[in-house]
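Student: this is the structure alone, sequence omitted:
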Ligand SMILES: NC(=O)c1ccc[n+]([C@@H]2O[C@H](COP(=O)([O-])OP(=O)(O)OC[C@H]3O[C@@H](n4cnc5c(N)ncnc54)[C@H](O)[C@@H]3O)[C@@H](O)[C@H]2O)c1
């Protein structure tokens, strides 16, 4: 069923997933048609029907899909059900918000621990998740086989934390500090510079 999937379908699947996840819990218990999804997202319904049929066999004529089953099928296809454990370094305003947010789980990411160097923050817990000293990063990541780290420390500390994450076995880093990071081979860094994104957005020509 999945073998003929095109890259365009692959790009649309997260949109369907996001839309279905945004439905109320009542609607998630019911059925939903490809036409309704197409209308909500402003897409061609033939295309949507084809996309969904390539990842789920649950569609019934005139009934549509059981919404929860469709969420599960798309999530499984996109790998959201293979949970990855994630750590966050920097438990200030931004880092704490990451630990408070429970929405990553639906996408297959569990933030399991925060790290900081400030003794006042170390030993606390946020949303049931512990905050440990940054010196424990390596042992924690090794013991728990952590592959993904998020950097929410000030710019001046970001490179040092990036180095420590790489030494701890982390292979994917999402960096929110507005600074370029040098990572060793085998470690992928994605920079999420919100200010830059806003500046680009504000300078886009609206159409
Ligand atoms: N707050 C936002 O909305 C926002 C938005 C976009 C980007 N950012 C970026 O995210 C980063 C964090 O922002 P913030 O507002 O949470 O800052 P913050 O000052 O509130 O928190 C930073 C935290 O990092 C900790 N820290 C400093 N050096 C460390 C180290 N070597 N190891 C471990 N922890 C260390 C500090 O003790 C502090 O708890 C910054 O680089 C900022 O530019 C923040």
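Tutor: Okay, I see it. Here the structure is a predicted model, which is why all the values come from computation and not from measurement.
Student: count of neighbours near the residue in the chain positioned nearest to the ligand?
Tutor: Closest approach of the chain to the ligand (Cβ to the nearest ligand atom) occurs at residue 92, with a separation of 1.6 Å. Backbone N, C-alpha and C define where each C-beta goes, glycine included. Using other Cβ atoms under 10 Å, residue 92 has 13 neighbouring residues.
Student: in this structure it contacts residue 151, no?
Tutor: No - counting by Cβ atoms under 8 Å, residue 92 does not reach residue 151; the two are 11.6 Å apart.
Student: contact partners for the residue of the chain closest to the ligand?
Tutor: 116, 152-153 (Cβ atoms under 8 Å, 6 or more residues apart in numbering).
Student: get me the contact residues on this structure for the ligand.
Tutor: Residues of the chain found near the ligand (Cβ under 6 Å from any ligand atom) are 89-95, 115-118, 121, 134, 152-155, 157, 160-161, 176-178, 194.
Student: hang on, the earlier thing: out of the contacts of residue 92, who's nearest residue 28?
Tutor: residue 152 (31.5 Å; Cβ to Cβ).
Student: strands - which of the residues of the chain next to the ligand land there?
Tutor: 89, 115-116 (DSSP state E).
Student: please, a PyMOL command that selects the buried ones among those?
Tutor: Buried members of these can be picked out in PyMOL with the line below, counting by 16 or more other Cβ atoms under 10 Å:
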select buried, resi 89+115+116
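Student: pull the helix or strand with minimum mean pLDDT from this structure.
Tutor: In the chain, no helix or strand scores lower on mean pLDDT, DSSP states H and E than helix 194-202, which sits at a mean of 89.
Student: mind giving me the packing neighbours of that helix?
Tutor: Here helix 194-202 touches no other helix or strand, going by 3 or more Cβ pairs under 8 Å, 6 or more residues apart in numbering; DSSP states H and E.
Student: phi, psi of the residue of the chain most remote from its centre?
Tutor: Most distant from the centre of the chain: residue 62, at 33.6 Å, with distances by Cα atoms, centre = their mean. Backbone torsions of residue 62, given as degrees, to the nearest 10, read phi 70, psi 0.
Student: how close does the residue of the chain closest to the ligand sit to residue 5?
Tutor: Separation of residue 92 from residue 5 (Cβ to Cβ, to the nearest Å): 41 Å.
Student: again with residue 55
Tutor: 7 Å.
Student: more crowded one of the two?
Tutor: Shown here are residue 55 and residue 5; by other Cβ under 10 Å, residue 55 has more neighbours (21 against 14).
Student: find the nearest non-adjacent residue to that one, please.
Tutor: Leaving aside its chain neighbours, residue 55 sits nearest to residue 77 (4.4 Å; criterion: Cβ to Cβ, 6 or more residues apart in numbering).
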